[in-house]
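next one to model:
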Amino acid sequence: MGQEESRNEEMDLAQIQELCIIFMKECPSGALHLHEFKRIFGVASSSAEESLYIETIFHSFDTNKDNTLDFLEYVAALHLILGGNLEDRLKWSFKMYDKDGNGKLDRQEVKRIIRIIHKIKLRTSDVSMTPSEICDRIFELVDQNNDGQITLSEFMEGAQKDEWVMNLLKLDFNATGWVIQNCGKLP
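Take a look at the predicted model:
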């Protein structure tokens, strides 16, 4: 069992090393810009939903807000996408929802991400709710003090106690598979 775990870790390290080589090849300056990020991950400019989603992801990893990802931000993003634990992924998801960065989610922020998810992910599922109905249900289940805002602790607790909420809030789109698949599409 220990050897099997070690092999899985080695595979993950090999994948991360490959992605780092791609970063250095694509960004010899050490700065990854949004248009390069979109190209690396195979986001077509014709898809407004995917484009908005990838922009949101990009900005969530741009911790110093300079509109580029440096190598450390890139590695942190890869670590989260390829091996982050549930708590880290939920904190990242909260950050993606929290557009104004005030540490609380209002209905507009939640509805914005739900609309994107609805167009990308839910259109192929059996969910019959509208983005507004989904947002209302999330607030009903997660906003414990009914103040119209969701704090990080409410977000974390709500996601962990309700599977439906978890599936929507953690923004898990099989990112590992997507990263590995799309990084191979570079010219």
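
in the one helix or strand E73 maps to, what's buried?
Secondary structure assigned from DSSP states H and E places E73 in helix 71-83. Going by neighbour count (16 or more other C-beta atoms under 10 Å), the buried part of helix 71-83 is 73-74, 76-78, 80-82. (Each C-beta comes from the backbone N, C-alpha and C, glycine too.)

so, low pLDDT: which residues of the chain?
1-12, 16, 41-46, 82, 120-127, 170-187 (pLDDT under 70).

so which residues of it form helices?
For the chain, the helices defined by DSSP state H occupy 2-26, 34-40, 48-61, 71-83, 86-97, 107-120, 131-142, 152-161, 163-169, 175-183.

count of neighbours near A14?
10 (other C-beta atoms under 10 Å).

where's it relative to I21, distance?
Going from A14 to I21 by C-beta to C-beta, to the nearest Å gives 11 Å.

and T56, by the same measure?
26 Å.

look at the two and report which has more neighbours.
T56 (17 against 11).

so who does that one touch?
96, 113, 116 (C-beta atoms under 8 Å, 6 or more residues apart in numbering).

can I get those in JSON lines with distance to L152 and neighbour count?
Formatted as JSON lines, these follow (distance: C-beta to C-beta, whole Å; neighbours: other C-beta atoms under 10 Å):
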{"residue": "M96", "distance to L152": "12", "neighbour count": "20"}
{"residue": "I113", "distance to L152": "15", "neighbour count": "23"}
{"residue": "I116", "distance to L152": "21", "neighbour count": "21"}
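
okay if I get those residues as JSON lines plus distance to P28?
As requested, the contacts of T56 are arranged in JSON lines below (distance: C-beta to C-beta, whole Å):
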{"residue": "M96", "distance to P28": "29"}
{"residue": "I113", "distance to P28": "34"}
{"residue": "I116", "distance to P28": "32"}
